[in-house]
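sequence plus predicted model, see below.
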Amino acid sequence: MTLICAAERLSDPGSFGFSLESAGERVEGFVVRRDGEFFAYRNSCPHTGSPLDWVDHQFLDIEGTLIQCAVHDARFLIDTGECIFGPCPGQSLESLPIKILDQNIYLLSID
Ligand code: FES
């Protein structure tokens, strides 16, 4: 289990990008907070594999209702990571396992 950040680091809705070492693997990812729930995905767009953010920690659209890829404007559901608009409809972001403990967000081991 690897610390990502304090839960209070994210506004609601909000997002936070991270790059850390977990079980010998470099994991580039981000966490999204919405309605008090947290979701985490790899920072790799299913369209081309590039990172989604063009500003650090900014992964949501302006309304804060969808995850947005800044490269070609794909939009993804926050709770499932499914693309519902843009160049890769039906494809999904890869979710990452997290746990909230003592007001902190942790990345769990990836199988
Ligand atoms: S790389 Fe994300 S929409 Fe093209």
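Right, received. Where do you want to start?

Ser22 - how many residues pack around it?
Residues near Ser22, counting by other Cβ atoms under 10 Å, number 17. Quick note: C-beta positions are derived from backbone N, CA and C, even for glycine.

now the most centrally placed residue in the chain: closest residue in space, sequence neighbours ignored.
Centroid-nearest residue in the chain: Phe30, 3.3 Å away (criterion: Cα atoms, centre = their mean). Leaving out its chain neighbours, the residue that sits closest to Phe30 by Cβ to Cβ, 6 or more residues apart in numbering is Gly17, at 4.5 Å.

against which helices or strands is the helix or strand where Leu20 lies packed?
Using DSSP states H and E, Leu20 falls within strand 14-22. Counting contacts by 3 or more Cβ pairs under 8 Å, 6 or more residues apart in numbering; DSSP states H and E, strand 14-22 packs against strand 2-6, strand 25-34, strand 104-107.

ok, the last one: who's next to it in the sheet?
Each strand that strand 104-107 pairs with, and the sense of that pairing, follows from DSSP bridges: strand 2-6 (antiparallel), strand 98-101 (antiparallel).
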